[in-house]
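Undergrad: predicted coordinates and the sequence they were generated for:
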Amino acid sequence: MATRKIGSKDKASAAEGHAGVGADDQISGLDETNKNIIAQLQEDGRRSYVSIGKAVGLSEAAVRLRVQRMIDEGIMQIVAVTNPMEMGFARQAMIGITVCGDIEYVAKALAQIRQIDYVVITTGRYDILAEAFSADDEAMLELVNRRIRTIAGIDRTELFSYLRLESQRYDWGVR
């Protein structure tokens, strides 16, 4: 086993060892305890660290440390999820995009557009699906015609306008 110098973050990890994780164990990533913390936050993103700690068998400080590490590592985000239509964005659409050329280039360019909140590279009829929102139809036309369709490599777009957001869930759990 390799030895390592203990820095301030490692001291916190060693202190956390009192809750069942040894000082040499990795606490970043998705161990069972982190999965349980995520499940608690998916149920209620405002749940206190004290409450989560009681549920998963850790101290408040240990939960805080684990949550911050998962955020820093890009494993999760804690955000307020809203219904865009209730926030003044009356038009939402899923945009199917066919690309001729570099799909990753196009996906990265789309991800830079503020009015696009979701970009996924797919297989099948479309190369990319992007979810976009705007204040109204005119703003959606502006977005699609002047921002999206001008990206090099986009061959074709097809919009699927949302009439109503029927369901939006984030409590599907962890594996």
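TA: Nice, I can see it. Residues are numbered from 1 along each chain as shown.
Undergrad: any weak-confidence spans in this structure?
TA: Low-confidence segments of the chain, defined by pLDDT under 70: 1-29, 173.
Undergrad: what ranges does it have for its strands?
TA: 91-99, 116-121, 128-134, 154-161 (DSSP state E).
Undergrad: tell me which strands the last one pairs with, and in which orientation.
TA: For strand 154-161, the pairing partners within the sheet under DSSP bridges are strand 91-99 (antiparallel).
Undergrad: pull the residues that contact the strand it pairs with.
TA: By Cβ atoms under 8 Å, 6 or more residues apart in numbering, the residues outside strand 91-99 that reach it are 84-85, 106, 110, 125-137, 139-140, 144, 148, 153-162, 165. The way it works is simple: take the backbone N, C-alpha and C, and place the C-beta from them, glycine included.
Undergrad: chain center to it: distance?
TA: Relative to its chain's centre, strand 91-99 lies at 19 Å (Cα atoms, centre = their mean, to the nearest Å).
Undergrad: repeat that for stretch 85-104.
TA: 17 Å.
Undergrad: cool, stretch 149-165 as well?
TA: 22 Å.
Undergrad: buried ones in that stretch?
TA: Of the residues in stretch 149-165, Ile151, Gly153, Ile154, Thr157 count as buried by neighbour count, 16 or more other Cβ atoms under 10 Å.
Undergrad: ok, Gln42 - contacts?
TA: Contacts of Gln42 by Cβ under 8 Å, 6+ apart are Tyr170, Asp171, Trp172, Gly173, Val174.
Undergrad: before we move on, what about Arg147?
TA: Ile113, Gln115.
Undergrad: the same query, at a cut-off of 10 Å, please.
TA: Neighbouring residues of Arg147 by Cβ atoms under 10 Å, 6 or more residues apart in numbering: Ala109, Leu110, Gln112, Ile113, Arg114, Gln115, Ile116, Ala132.
Undergrad: again with Ile52
TA: Counting by Cβ under 10 Å, 6+ apart, Ile52 has contacts 36-41, 43-44, 58, 60, 62-64, 66-67.
Undergrad: please pick the buried ones from the residues you listed.
TA: Asn36, Ile37, Ile38, Gln40, Leu41, Leu58, Ala62, Val63, Arg64, Arg66, Val67.
Undergrad: can you tell me the closest non-neighbouring residue to the fourth one?
TA: Right, Gln40. Closest residue in space to Gln40, ignoring its immediate chain neighbours: Ile52 at 4.7 Å, by Cβ to Cβ, 6 or more residues apart in numbering.
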